[in-house]
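Undergrad: Fold the following, please.
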Amino acid sequence: SSQISVTLGFLVSNNVWVPTDQAHSNRFQGSQISIHGKLSARRDSATKIYVSNVDIDTIDNVERVFAISDLHTDNVSNLEWLKDLCSAKNINNDIGPNDVLIIAGDISHELSRLRETMCIIKENLKCQIFFVWGNHEAWIFGQEMDSLGIETSLQKIGMVEELCRELGVHTECKLVGSSNENPVFILPI
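TA: Numbering: from 1, shown residues only. Presented below is the predicted three-dimensional model:
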């Protein structure tokens, strides 16, 4: 497990250096930084921040990170477009297990369509998937929501997160590409 913290806008990790621009590197040179009295960070040089006391999961061997949003697969033509795209040989051969796809919300207001969409992507692309829910995932109207007894957006988001866990879709912070020289933190919020 690696360690992480957010310090004054920097995403930092133990034994991982994060380059910053000159304005910030001079400002924090040699600083001791404390966050909520629990975490501490120190900056040794213009390019390194070290943080301790927070554990985070990692995904090794990630080479590339892709992002997409607003798939709106409630619309059948968007769902068909996604099926065609994901099953196309050029996409299938190009995206794979050493890649990450961040899906930034607004897939569907229906949990069944959200499941179908995630399954299409996961089964065809074989990559690591991160999901950040959007306003459509929080909507609670419709027959499906009534039949499931969903009364609040928070209750529904809990069900969205459970669905993602069940499908192996990440919804929590992870360090990806931790075996690379410059790994990346993905923090779905």
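
Undergrad: Quick check: E172 touching I186?
TA: No: assessed by C-beta atoms under 8 Å, E172 is found out of contact with I186, at 9.3 Å. All C-beta atoms are positioned from the backbone trio N, CA, C, and that covers glycine.

Undergrad: Pick out whichever of those two has more residues nearby.
TA: Higher neighbour count among E172 and I186: I186, with 21 against 14, using other C-beta atoms under 10 Å.

Undergrad: Which residues are in contact with the residue lying closest to that one once chain neighbours are set aside?
TA: Once flanking residues are discounted, I186 sits nearest to F130: 5.3 Å by C-beta to C-beta, 6 or more residues apart in numbering. By C-beta atoms under 8 Å, 6 or more residues apart in numbering, the contact set of F130 is 100-103, 169-171, 174, 186, 188.

Undergrad: try it again with 6 Å
TA: F130 sits next to 102, 170, 186, 188 when contact means C-beta atoms under 6 Å, 6 or more residues apart in numbering.

Undergrad: a strand runs through it, doesn't it?
TA: Yes: counting by DSSP: H, G, I helix; E, B strand; the rest coil, F130 is part of a strand.

Undergrad: Okay, and L163 sits in which element?
TA: Using DSSP states H and E, L163 sits within helix 153-167.
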